[in-house]
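[1] Provide a 3D model corresponding to the input given below.
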Amino acid sequence: MTWLQENWLGILGVIGIPVSIFFTWRWGTRRAKLQIAIESTRLLAQGEVTEKLEVSYDGKRVENPYLTTLWIKNVGPRDVPSNAFEDDFRVKISGRFFEFFDIETNNGINPAVMSDSITLSSDSSVILIPPRLIPKGTVWVFKFLTSGESKILGRGELQDTDIHVVNIPNTALFDKAIDASLAAIPGGRIVRDFWLMIDNWPGRRSDR
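    Predicted coordinates for the structure are as follows:
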């Protein structure tokens, strides 16, 4: 083997290392990532006028009523399979849960089916989501009535999945609309996947 051939092989080897690392990072067996966010909106402002108004559920007065929205979004590089669930996925919230108003999704699953399969624990402050596939890019939006402002107090675990509680609820529906728009144009999925890669780059976000 000549000196020139040896040097070319050395150069190719040096180039191949970062390329191999990148392709492994981009398409290899990486952990899935979920983001969870919550936002509560007071339904009745405090004051003399609102003292004469009330929100009731099933004939019972709801003290300090809030409309609460919970977002769950798959922001990772791959789907979260149903076998990642060891049991129902739990999200513990403050405030007493009363009823779901609306459930939205961008993954093609009928929200009514999802609503039928979601149950609550006995303390009415833990939302239980049965095992199901969460495709990459999926956004689930749950809207429900609570007594008192709701915050996320705890959540369960999923196998090989990093779960982050974040404070970016206002961007969830915007992201969903962008995803739908990109999916409708040629090459849109490529653009979307590239953006997800940049957005999930290590060290880019403070919540990772």
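
[2] direction included, what does the helix or strand containing Leu67 pair against?
    Leu67 belongs to strand 65-74 when elements are defined using DSSP states H and E. Strands adjacent to strand 65-74 in the sheet, as given by DSSP bridges, are strand 32-42 (antiparallel), strand 139-147 (antiparallel).

[3] which stretch in these has the least confidence?
    Ranked on mean pLDDT, the bottom entry among the strands paired with strand 65-74 is strand 139-147, at a mean of 89.

[4] show residues contacting that one.
    Outside strand 139-147, the residues that touch it by Cβ atoms under 8 Å, 6 or more residues apart in numbering are 40, 55, 57, 62-74, 93, 95-107, 114, 118, 127, 134, 172-173, 175-176, 179. For glycine as for every other residue, the C-beta is placed from the backbone atoms N, C-alpha and C.

[5] count of neighbours near Gly59?
    Using other Cβ atoms under 10 Å, the number of residues around Gly59 comes to 5.

[6] kindly report the same for Gly108.
    Tallying neighbours of Gly108 according to other Cβ under 10 Å, which is how burial is gauged here, yields 7.

[7] also Val166?
    Count around Val166 with other Cβ under 10 Å applied: 19.

[8] quick one: Lys33 from Asp79, how far?
    According to Cβ to Cβ, to the nearest Å, Lys33 and Asp79 sit 11 Å apart.

[9] more neighbours, these two?
    Neighbours per residue (other Cβ under 10 Å) separate Lys33 from Asp79, with Lys33 holding more: 20 against 16.

[10] specify the local secondary structure of the residue nearest to the more buried one when sequence neighbours are not counted.
    The spatial neighbour of Lys33 that comes closest, neighbours along the chain excluded (Cβ to Cβ, 6 or more residues apart in numbering), is Gly76 at 3.2 Å. For Gly76, the secondary-structure state derived from DSSP: H, G, I helix; E, B strand; the rest coil is coil.

[11] before we move on, the earlier item: would you list the buried entries among the contacts of strand 139-147?
    Members of those that pass the buried threshold by neighbour count (16 or more other Cβ atoms under 10 Å) are listed as 40, 55, 62, 65-74, 93, 95-98, 100, 103-107, 114, 118, 127, 134, 172, 175-176, 179.

[12] of the strands paired with strand 65-74, which stretch is the most buried?
    Using mean count of other Cβ atoms under 10 Å, the stretch among the strands paired with strand 65-74 with the largest mean neighbour count is strand 139-147, at a mean of 21.

[13] all set now, cheers.
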